[in-house]
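Peer 1: Starting from these lines, generate the structure:
(chains A and B)
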2 protein chains.
Amino acid sequence: MAPKENNPHPFEDPSSFLPGVSIDCVIIGFDLKELNILLLKLKGSEQWSLPGGFVYLDEDMDQAASRILEERTGIRLPYLKQFHTFGDLNRRENAPFIEGNSVLAKHFKKMLPILERRFISTGYLSLVNMHSSAPTPDAWSDSCAWTPLDDLPHMIYDHHQIVDKALEQIRHQINYLPIGISLLPEKFTMKEYQLLYEKILQKKLDRANFQKKMLKLGFLDRHEKQLTGGAHKAPFLYAFNESKYQELLERGIGYLS
Amino acid sequence: MAPKENNPHPFEDPSSFLPGVSIDCVIIGFDLKELNILLLKLKGSEQWSLPGGFVYLDEDMDQAASRILEERTGIRLPYLKQFHTFGDLNRRENAPFIEGNSVLAKHFKKMLPILERRFISTGYLSLVNMHSSAPTPDAWSDSCAWTPLDDLPHMIYDHHQIVDKALEQIRHQINYLPIGISLLPEKFTMKEYQLLYEKILQKKLDRANFQKKMLKLGFLDRHEKQLTGGAHKAPFLYAFNESKYQELLERGIGYLS
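Peer 2: Below is the predicted model:
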């Protein structure tokens, strides 16, 4: 997404922002092999960051999260889930380095009143289908890319810690909530579904036990077999039963329920 | 806790704080009948609030939460759990009203550069044993009191919403983590333990089912019967098995584990 001429970039005027507070977005995708995180590469540098920005003085924080994500990556998500606020004193030690006289440096100069002082950051999180998203870098970035979680580049500030905390949050949630409806294609194999859990939990799961427990919860519908060369080996395809999935999202998969 | 003469009250100098960011603490207790929240009543007024304050420029947010709680209530907790950041534009609509020329008004006047501008608030949460805590109001407050959750007074800002969100967080957590070790006396009856869950979940639970599920998890040890008039009716007493409790805290009570 190229910057619009008649839409001044939000980094133009520091006085229109709430001081002391920024937002960073952890957008997680799954390509049926790996978890991926959406990252931006700062223009003319090798420095990567989460899509982030500041909150306008006249804007709710939750709205700011959606706006910032769209401005910086082109991805429009009406709702992101807030998961943690990062307020350590030293969180900005690994600040981005901006080269001398570049256009970027001039713009950053305007934002120095905000960027040079301490600010905390509130993390927002979303799980998205990688294949229906089209990430586009903003005017500050050379690229906006899905990056495998196992192979993240060096990132500015405490962004590695922000990613870790987002994943910790998801690991907790899959103990009592269904997951995957926004990460997977319409139909998928049980093996692919199990791999998603394994990537989140960062451990192997027993195949028979996983399948049994998932099917027992009733939020997966079984469809026709996937066509392959050897028909006898073709795996069944599954899809989420949306009403059952929603019901479990609301009441939780608790040991007391 | 009276303010110390040689320890200036933190509300004295607004320039020593991070602008835009405050902290509010939701401290929850259980008296074997009701959940209670620790509240402060503003000096010379009928206005109540959660114990809150601002973050020093040279202080981690997590440390600020403990410091603020101790300064305002006398209760020392080395760790509070951050649960949500409240950043709605209108969250301060119900601001406290400070009477004209009181000592309090003079002190608040100094803080106006911070108090009159927009600030977000990060909520921190702790569950404590009411009977081993001795809440003491600070110099800004007439009282510091445990207040039944079902009978909360009118509170400033969005503090009702902050309490609701803290309880929502706990309701989620009891789906996959044990609870109660910091809320209950050393020994308690199963009926008392069930009541704690019912107060958190805000619904009745089946007695036999609750007991069966709790005992199966193995983090409760059964002790001698409580002595009462009619010995045949005396209930068993239980205590937490700390090592088992800790183990469940770490691995969670998930449907996949």
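Peer 1: Just after the host helix or strand of A:L167, pick out the following helix or strand.
Peer 2: Using DSSP states H and E, A:L167 maps to helix A:159-173. Sequence-wise, the next helix or strand downstream of helix A:159-173 (DSSP H and E) is strand A:188-189.
Peer 1: Could you pull out the helices in chain A for me?
Peer 2: For chain A, the helices defined by DSSP state H occupy A:61-73, A:103-115, A:159-173, A:190-201, A:207-217, A:242-251.
Peer 1: So the last one, near chain B or not?
Peer 2: To tie it back to what came earlier, the one meant is helix A:242-251. No. Using Cβ under 8 Å from any Cβ of the partner chain, helix A:242-251 never reaches chain B; the gap is at least 9.6 Å. Just so you know, the C-beta spots here come from the backbone N, C-alpha and C atoms, and that holds for glycine as well.
Peer 1: Can you check what angle separates that helix from helix A:207-217?
Peer 2: Angle between the axes of helix A:242-251 and helix A:207-217 is 90 degrees (criterion: axes from the mean of the first three to the mean of the last three Cα atoms, to 10 degrees).
Peer 1: How far away from the center of its chain is helix A:242-251?
Peer 2: Relative to its chain's centre, helix A:242-251 lies at 22 Å (Cα atoms, centre = their mean, to the nearest Å).
Peer 1: ok, back up a step: just checking, what packs against the helix holding A:L167?
Peer 2: strand A:17-30, strand A:81-86, strand A:120-128, helix A:190-201 (3 or more Cβ pairs under 8 Å, 6 or more residues apart in numbering or on different chains; DSSP states H and E).
Peer 1: who touches the last one?
Peer 2: Think helix A:190-201. Outside helix A:190-201, the residues that touch it by Cβ atoms under 8 Å, 6 or more residues apart in numbering or on different chains are A:30, A:32-35, A:149, A:167, A:170-171, A:174, A:179-180, A:183-184, A:204-205, A:207, A:210-211, A:214, A:220, A:235-236, A:238, B:256.
Peer 1: Among these, the buried ones, what's the ChimeraX command?
Peer 2: Selecting only the buried entries of the contacts of helix A:190-201 in ChimeraX, with 16 or more other Cβ atoms under 10 Å in any protein chain shown as the criterion:
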select /A:30,32,35,149,167,170,174,179,180,183,184,210,211,214,220,238
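Peer 1: and the gap between A:L32 and chain B?
Peer 2: Shown here: A:L32 relative to chain B, a distance of 20 Å by Cβ to the nearest Cβ, to the nearest Å.
Peer 1: which residues touch the residue nearest the centre of chain A?
Peer 2: Centroid-nearest residue in chain A, with Cα atoms, centre = their mean: A:I27, separated by 1.1 Å. A:I27 sits next to A:I37, A:L38, A:P51, A:L69, A:T73, A:I75, A:L77, A:L125, A:S126, A:V128 when contact means Cβ under 8 Å, 6+ apart.
Peer 1: got JSON lines for those residues, with distance to B:E59 and neighbour count too?
Peer 2: Output for the contacts of A:I27, formatted as JSON lines (distance: Cβ to Cβ, whole Å; neighbours: other Cβ atoms under 10 Å in any protein chain shown):
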{"residue": "A:I37", "distance to B:E59": "30", "neighbour count": "22"}
{"residue": "A:L38", "distance to B:E59": "32", "neighbour count": "24"}
{"residue": "A:P51", "distance to B:E59": "28", "neighbour count": "27"}
{"residue": "A:L69", "distance to B:E59": "30", "neighbour count": "25"}
{"residue": "A:T73", "distance to B:E59": "33", "neighbour count": "25"}
{"residue": "A:I75", "distance to B:E59": "35", "neighbour count": "20"}
{"residue": "A:L77", "distance to B:E59": "34", "neighbour count": "17"}
{"residue": "A:L125", "distance to B:E59": "26", "neighbour count": "22"}
{"residue": "A:S126", "distance to B:E59": "31", "neighbour count": "20"}
{"residue": "A:V128", "distance to B:E59": "36", "neighbour count": "19"}
